[in-house]
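Asker: need a 3D model of the sequence below.
(one chain, ligands or ions: 1)
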Amino acid sequence: MKIAIASDHAGYEMKEQLKNYLLEKKFNIIDLGTNSNASVDYPDYAKKLGEKVTKGEADFGIGICGTGIGMSIAVNKVKGVRGALCLYPSMAEYARKHNDANVLVLAGRLMGIDLAIWTVVKFLSTDFEGGRHKRRVDKIDEIK
Ligand code: RB5
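Answerer: Coordinates of the predicted model:
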């Protein structure tokens with residue numbers, strides 16, 4: 001499975017830790033930056049991340065900023081992205097089961113690394129349930 005990961009400066013430390021965890025677990029990782037604690041703008045990274053997923057170059061995306069709010073607002077501007085800000089594993093579970101989320105957004109300043117890892121693991125190991133949820137997810141694309 002190919003995972004694209006991106007953060008701003010506030011999510012940088014968490015991005016590095018998650019990247020190392022996922023590499024150890026043998027996932028293919030596309031690291032889109034940022035590459036230091038120097039201040040950057042999260043929309044630039046959200047755009048790159050969303051496009052990797054919608055172009056089919058990654059199966060899923062993981063985006064991180066301080067609260068996760070800016071990254072989630074920005075990534076959902078990319079058509080075809082279903083980005084979900086999840087602060088704990090059960091949110092990630094339902095984001096996959098009910099919403100077919102293709103980008104997980106995390107809060108680098110509000111979550112510890114263990115919670116972030118559990119949330120990522122739940123996200124990546126849960127399938128979309130389809131059925132009545134598919135009809136609703138399809139309606140998202142109809143919103144202009
Ligand atoms: C950066 O200071 C911070 O505003 C950003 O990481 C994020 O929390 C925005 O939503």
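
Asker: count the residues that sit near L104.
Answerer: If you count neighbours by other CB atoms under 10 Å, L104 ends up with 29. Using the backbone N, CA and C atoms, a C-beta is placed for each residue, glycine as well.

Asker: before we move on, what about D59?
Answerer: D59 - counted by other CB under 10 Å - has 15 other residues nearby.

Asker: tell me how far it lies from the ligand.
Answerer: Applying CB to the nearest ligand atom, to the nearest Å, the value for D59 to the ligand is 25 Å.

Asker: that residue: what's it in contact with?
Answerer: Listed by CB atoms under 8 Å, 6 or more residues apart in numbering, the contact set of D59 reads M1, K2, I3, V53.

Asker: the protein against the ligand: which residues are in contact?
Answerer: Residues of the chain lying near the ligand by CB under 6 Å from any ligand atom: D8, A10, Y42, C65, G66, T67, I69, G70.

Asker: go with 8 Å
Answerer: Contact residues, the chain versus the ligand (CB under 8 Å from any ligand atom): 8-11, 39, 42, 65-71, 73, 107-109.

Asker: which among the contacts of D59 end up buried?
Answerer: Listed as buried from these are I3, V53; burial here means 16 or more other CB atoms under 10 Å.

Asker: what's the closest residue to R82 other than its chain neighbours in contact with, if anything?
Answerer: Using CB to CB, 6 or more residues apart in numbering and skipping the chain neighbours, the partner closest in space to R82 is A101 (4.8 Å). By CB under 8 Å, 6+ apart, A101 lies in contact with R82, G83, A84, A95, F123.

Asker: mind putting those residues into CSV with secondary structure?
Answerer: Shown next, in CSV, are the contacts of A101 (DSSP: H, G, I helix; E, B strand; the rest coil):
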residue, secondary structure
R82, coil
G83, strand
A84, strand
A95, helix
F123, helix
